[in-house]
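Participant: what's the 3D shape of this:
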Amino acid sequence: MLFDPQKWVMPEIPEAEPENEPWRKLLLDAANLIERKGWCRNDLQSHGRYCTVGALLKVSGTSIRDYNEGGSAPDLVGKAEAKIMAHLGYDNYDCVPDWNDKQKRGKVVIETLRKIATS
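Facilitator: Have a look, this model is predicted:
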């Protein structure tokens, strides 16, 4: 017999932790910002509250004013948006703002961002 379980002890192999990818931190930071400041729809920022994309821009250090005036979002924000859409399904929503604006409660947005970041 080649393998004798009494003689051979398999070593414990720890599970690999998910790579700490920057887009995950961005999603968690955006969720935390929305939780602290409040959530809005139909605008990136309104009365100190943020929509999903507005929160992603803010926590990435991008000026919402510059973005509104034709500036571009950092690649990291685009990556985070792509991860959100992959999770939600492109058949259900056109884009992240479409999903954000169709939600009835900010709590759903916060929970979804956290779920995507940690899955």
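
Participant: Please count neighbours and contacts with C-alpha atoms only from this point.
Facilitator: Will do.

Participant: middle-most residue in this protein, spatially?
Facilitator: Leu27 (3.0 Å; Cα atoms, centre = their mean).

Participant: any idea how far Lys83 is from that one?
Facilitator: 10 Å (Cα to Cα, to the nearest Å).

Participant: between these two, what contacts are shared?
Facilitator: Common neighbours of Leu27 and Lys83 (criterion: Cα atoms under 8 Å, 6 or more residues apart in numbering): Ile116.

Participant: just to revisit the earlier point, give me the mean pLDDT for the strand or helix carrying the residue nearest to the centre of the chain.
Facilitator: Using DSSP states H and E, Leu27 sits within helix 22-37. Across helix 22-37, pLDDT averages out at 96.

Participant: helix or strand right after it?
Facilitator: strand 45-46.

Participant: So what's the model's average confidence on that following strand?
Facilitator: For strand 45-46, mean pLDDT rounds to 96.

Participant: related to what we said a few turns ago, identify the residues contacting the helix holding Leu27?
Facilitator: Residues contacting helix 22-37 (Cα under 8 Å, 6+ apart): 48-52, 55-56, 58-60, 76-77, 79-80, 106-107, 109-111, 113-114, 116-118.

Participant: Quick check: buried residues in it?
Facilitator: 23-35 (16 or more other Cα atoms under 10 Å).

Participant: Off-centre distance for that helix?
Facilitator: 7 Å (Cα atoms, centre = their mean, to the nearest Å).

Participant: do the same with stretch 94-104
Facilitator: 14 Å.

Participant: Stretch 88-107 now?
Facilitator: 13 Å.

Participant: swap in stretch 103-119?
Facilitator: 8 Å.

Participant: Pull out the buried residues from that stretch.
Facilitator: So for stretch 103-119, counting by 16+ other Cα under 10 Å, buried means 106, 109-110, 112-114, 116-117.

Participant: Adding distance to Asp66 as columns, could you present these in JSON lines?
Facilitator: What follows is these, written out as JSON lines (distance: Cα to Cα, whole Å):
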{"residue": "Gly106", "distance to Asp66": "25"}
{"residue": "Val109", "distance to Asp66": "25"}
{"residue": "Ile110", "distance to Asp66": "25"}
{"residue": "Thr112", "distance to Asp66": "27"}
{"residue": "Leu113", "distance to Asp66": "24"}
{"residue": "Arg114", "distance to Asp66": "27"}
{"residue": "Ile116", "distance to Asp66": "28"}
{"residue": "Ala117", "distance to Asp66": "27"}
